[in-house]
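# just to be clear, the model below is a prediction. Sequence and coordinates:
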Amino acid sequence: MKSLGPADAIRFVRSYSRGSGDYTRERRVSLERDLDTVVAGVLGCRKKEGRS
């Protein structure tokens, strides 16, 4: 609060979200994915969006 000031501190607190889900489980699953599968997924999304 001291460095942000009252208005920016309130703005920060209002923008903060706790999120949802189980971070540990989701991280473990994402680390188990094969790199080729991840790259193929990214390229597929880009192709769907019309980007190269």
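Here it is on my side, so go on.
# how about the CA coordinates for stretch 25-34, as PDB?
Output in PDB follows, covering the C-alpha atoms of stretch 25-34 (Å, rounded to 0.1, in the frame of the first residue of the first chain):
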ATOM      1  CA  ARG A  25      -2.200 -32.200 -10.600                       C
ATOM      2  CA  GLU A  26      -2.500 -30.000 -13.700                       C
ATOM      3  CA  ARG A  27       1.300 -29.300 -13.700                       C
ATOM      4  CA  ARG A  28       2.100 -33.000 -13.300                       C
ATOM      5  CA  VAL A  29      -0.100 -33.800 -16.300                       C
ATOM      6  CA  SER A  30       1.400 -31.100 -18.400                       C
ATOM      7  CA  LEU A  31       4.900 -32.200 -17.600                       C
ATOM      8  CA  GLU A  32       4.100 -35.800 -18.700                       C
ATOM      9  CA  ARG A  33       3.100 -34.700 -22.200                       C
ATOM     10  CA  ASP A  34       5.400 -35.400 -25.000                       C
END
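# how far does that stretch sit from the chain's center?
14 Å (Cα atoms, centre = their mean, to the nearest Å).
# list the buried residues in it.
The neighbour-count check on stretch 25-34 (16 or more other Cβ atoms under 10 Å) flags nothing as buried. C-beta coordinates here come from the backbone N, C-alpha and C atoms, glycine included.
# for the residue most central in space within the chain, helix, strand, or coil?
With distances taken as Cα atoms, centre = their mean, Gly19 lies nearest the centre of the chain, 10.2 Å away. Secondary structure state of Gly19, per DSSP: H, G, I helix; E, B strand; the rest coil, is coil.
# residues contacting it?
By Cβ atoms under 8 Å, 6 or more residues apart in numbering, no residues touch Gly19.
# any idea how far it is from Glu49?
25 Å (Cβ to Cβ, to the nearest Å).
# and for Leu35?
From Leu35 to Glu49 the distance is 21 Å (Cβ to Cβ).
# quick revisit: and the residue nearest to the centre of the chain, how far is that from Glu26?
For Gly19 relative to Glu26 (Cβ to Cβ), the value is 11 Å.
# just the helices in the chain please.
6-15, 23-32, 35-49 (DSSP state H).
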